[in-house]
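Enquirer: sharing a sequence plus its predicted fold:
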Amino acid sequence: MKQKITFLLAILMSFMMQFSFAQERTVSGTVTSVGDGIPIPGVNVIV
């Protein structure tokens, strides 16, 4: 019984690791003003 629980926990943790790696992305681009399209320096974007 204890081996079964350990095995199930190992499987569960491996699935959790896949989800955490799937969330890692890099977003890049340029933020511009709406009026004249000039890039805005020093902008931080949080997604």
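Expert: Yep, that arrived.

Enquirer: residues near Val45, how many?
Expert: The burial count assigned to Val45 is 7, neighbours taken as other C-beta atoms under 10 Å. Just so you know, the C-beta spots here come from the backbone N, C-alpha and C atoms, and that holds for glycine as well.

Enquirer: contacting residues for it?
Expert: 27, 31 (C-beta atoms under 8 Å, 6 or more residues apart in numbering).

Enquirer: what mean pLDDT does stretch 34-45 get?
Expert: Average pLDDT, stretch 34-45: 92.

Enquirer: starting at the chain centroid, how far to that stretch?
Expert: A distance of 24 Å separates the C-alpha centroid of stretch 34-45 from that of its chain, computed with C-alpha atoms, centre = their mean, to the nearest Å.

Enquirer: next, the distance between the ends of that stretch.
Expert: Chord length of stretch 34-45, first to last residue, is 16 Å (C-alpha to C-alpha, to the nearest Å).

Enquirer: right, I'll leave it there.
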